[in-house]
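[1] what follows is a predicted protein model with its sequence.
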Amino acid sequence: MASVSENGEEDSTANTRRPRSRLYDYVDMDVPAPAEEVPEPTEEVPEPAPEDPEVAAARAWFAQLLAEFRRTPVLVPLGDGPGPVEERGMLTADWNGVRFILAFSDEQALARYARERGAFAREWTYQTVLGARLLDVSVPAAGVPCGVALDCADGPDGMVFPPVRGIVPDEAALDFETGGAA
């Protein structure tokens, strides 16, 4: 059965069309022009003033969180590849060119991850590793940019420790230039 298009012509493809994406509703929207000229960004982004209380509070909060992670044993599942358990590597995930070792604060957090992956019935073999050992030994040993993702199935309650100075050793940090400062 053919239909008639907007311009009055017969349209024989009407029945074979896919539903229109809602994104098309935004294509024709008028976008207001910026009120003033936006300056081009410079190469260096200025650091916030250290005396800014909000920045100081955020840095103090993260320093406490990092210290707590470093002294806490976490569960690190092993990959499900073939071979004996002692030869299997840590479970990792790659995101935007960075590898993350997946770590969990307890068995319940690991179970939530298994459920989200649809692998709840699988037996999950894991090691208990001190957070500091993950950051100071396992991350540099990865040989690629690597960080740690803690409780990654818990959404905003999870935490990511990226491979940057102050979190991982300088030689494993992405923001460290050999022979000088970043």
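    Happy to help now that I have it.
[2] what ranges do the helices span in the chain?
    Remark: helices assigned in the chain by DSSP state H are 24-27, 53-70, 107-117, 131-133, 139-141.
[3] now do the same contact list for residue 75.
    Taking Cβ atoms under 8 Å, 6 or more residues apart in numbering, we find residue 75 in contact with 103, 104, 105, 106, 107, 109, 110, 126, 127, 128. C-beta here means a position set from N, CA and C on the backbone, and glycine is covered the same way.
[4] rerun at 7 Å
    Applying Cβ atoms under 7 Å, 6 or more residues apart in numbering to residue 75 gives the contacts 103, 104, 106, 107, 110, 126, 128.
[5] ok, residue 97 next?
    Under the criterion of Cβ under 7 Å, 6+ apart, the contact list for residue 97 reads residue 145.
[6] from residue 140, how far off is it?
    Using Cβ to Cβ, to the nearest Å, residue 97 is found at 17 Å from residue 140.
[7] swap in residue 71?
    Taking Cβ to Cβ as the criterion, residue 71 is separated from residue 140 by 19 Å.
[8] these two: who's more crowded?
    Remark: of residue 71 and residue 140, residue 140 carries more neighbours, 16 against 10, as counted by other Cβ atoms under 10 Å.
[9] how about that one, nearest residue that isn't a chain neighbour?
    In space, residue 140 comes closest to residue 172 once its chain neighbours are excluded; the distance is 4.1 Å by Cβ to Cβ, 6 or more residues apart in numbering.
[10] which residue, other than its chain neighbours, is closest to residue 167?
    residue 161 (5.2 Å).
[11] surely the one you found meets residue 148?
    Yes - look at residue 161 against residue 148 with Cβ atoms under 7 Å: they come within range, at 4.4 Å.
[12] these two: which is more packed in?
    Between residue 161 and residue 148, counted using other Cβ under 10 Å, residue 148 has the larger neighbour count: 27 against 23.
[13] so what pLDDT did the more buried one get?
    Residue 148 is assigned a pLDDT of 96 by the prediction.
[14] same list (the helices of the chain) but as CSV, adding mean pLDDT and distance to residue 79.
    Formatted as CSV, these follow (pLDDT from 0 to 100; distance: least, Cβ to Cβ, whole Å):
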stretch, mean pLDDT, distance to residue 79
helix 24-27, 38, 41
helix 53-70, 91, 22
helix 107-117, 91, 13
helix 131-133, 96, 18
helix 139-141, 94, 15
